[in-house]
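> structure for this input, please:
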Amino acid sequence: QVQLVESGGGLVQAGGSLRLSCAASGRTLSRYAMGWFRQAPGKEREFVAAISRNGNSRDYLESVKDRFTISRDNALNTVYLQMNNLKPEDTAVYYCAADSRRLRGTVLEQNYDYWGQGTQVTVSS
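Below is the predicted model of the structure:
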């Protein structure tokens, strides 16, 4: 079993940047495909980005693919989400998640076995 802890959220002005981190403990992160999801107030949780176990394959929500970058450092047991040119519509709680069964991360929440507690990102206009 793996435990996930997100950090790096905060308040930023539109056009600014944040880097979220997801630190894993309990098991080696390289065993998992990883994903980032977000949930805005009053909305369903949605997929943001995913990365394969070895980091060679990445997928993104269309609205973030030119602004966000997912990466991982398996030696540090950490996954990152670099977010640039943030917009007010990016405001949400961001969650990282781990999938133990697939080599490549997917867009489906139900494919992920473990979740962090979330970190708040607020983008002011």
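
> can you give me the offset of stretch 34-45 from its chain's centre?
Distance of stretch 34-45 from the chain centroid (Cα atoms, centre = their mean, to the nearest Å) equals 10 Å.

> that one: which residues count as buried?
The neighbour-count check on stretch 34-45 (16 or more other Cβ atoms under 10 Å) flags M34, G35, W36, F37, R38, R45 as buried. All C-beta spots, glycine's among them, are computed from the backbone N, C-alpha and C.

> those in strands, which ones?
Those of those mapping onto strands are M34, G35, W36, F37, R38, per DSSP state E.

> put together a markdown table for the residues you listed, with distance to E89 and pLDDT on each row.
Converted to a markdown table, these look like this (distance: Cβ to Cβ, whole Å; pLDDT from 0 to 100):
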| residue | distance to E89 | pLDDT |
| --- | --- | --- |
| M34 | 23 | 98 |
| G35 | 20 | 98 |
| W36 | 16 | 98 |
| F37 | 15 | 98 |
| R38 | 10 | 98 |
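
> what are the bridge partners for M34, then?
I51, A98 (DSSP bridges).

> can you tell me which residues contact it?
The contact partners of M34, by Cβ atoms under 8 Å, 6 or more residues apart in numbering, come to C22, A50, I51, I70, R72, V79, C96, A97, A98, D99, G105.
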